[in-house]
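Student: Next one to model:
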Amino acid sequence: MERVQVVSSNIASIGYDPDTETLEIEFLDGSVYQYYNVPNYEHDGLMSANSHGGYLAANIKGTYSYSRV
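Tutor: Numbers count the residues shown, from 1 in each chain. Take a look at the predicted model:
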């Protein structure tokens, strides 16, 4: 999955596959997580948020299933 680099104190890059609704997050420590069944509006919200990490914590983590890649 292709990811886009972002400016964040915690996140290095963000990718999204709309066909499978899979959100992929690469953190600055090099770890990569995939979140499943994430609607496109959540990806849009994450990308446009003033704080990517804040949006991730408030809207993605704890809501969608995930795995470390």
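Student: contacts, neighbours, all on C-alpha from now
Tutor: OK.
Student: Look up the residues forming beta bridges with the most centrally placed residue in the chain.
Tutor: Of all residues in the chain, the one closest to the mean position by C-alpha atoms, centre = their mean is residue 25, 4.2 Å from it. Residue 25 has these beta-bridge partners by DSSP bridges: residue 14, residue 33.
Student: Surely it touches residue 43?
Tutor: No. Residue 25 lies out of contact with residue 43 (C-alpha atoms under 8 Å); the separation is 10.9 Å.
Student: ok, back up a step: how about the contacts made by the residue nearest to the centre of the chain?
Tutor: Counting by C-alpha atoms under 8 Å, 6 or more residues apart in numbering, residue 25 touches 11, 12, 13, 14, 15, 32, 33, 34.
Student: which residues sit in contact with the closest residue to the last one other than its chain neighbours?
Tutor: Which is residue 34. Distance criterion C-alpha to C-alpha, 6 or more residues apart in numbering; nearest residue to residue 34, sequence neighbours excluded, is residue 24 at 4.4 Å. Listed by C-alpha under 8 Å, 6+ apart, the contact set of residue 24 reads 1, 3, 14, 15, 16, 32, 33, 34, 35.
Student: what two of these have the greatest distance between them?
Tutor: With distances taken as C-alpha to C-alpha, the most widely separated pair in the contacts of residue 24 is 3 and 35, at 13.8 Å.
Student: so is the residue lying farthest from the centre of the chain in a helix, a strand, or just coil?
Tutor: Most distant residue from the mean C-alpha position of the chain: residue 19, 15.5 Å away (C-alpha atoms, centre = their mean). With DSSP: H, G, I helix; E, B strand; the rest coil as the basis, residue 19 sits in coil.
Student: what about the strands in this structure?
Tutor: Assigned strands in the chain, in chain order: 3-5, 11-17, 22-27, 32-35, 66-68 (criterion: DSSP state E).
Student: Minimum distance to residue 53: which of these has it?
Tutor: strand 11-17 (6.7 Å).
Student: All good on my end, thank you.
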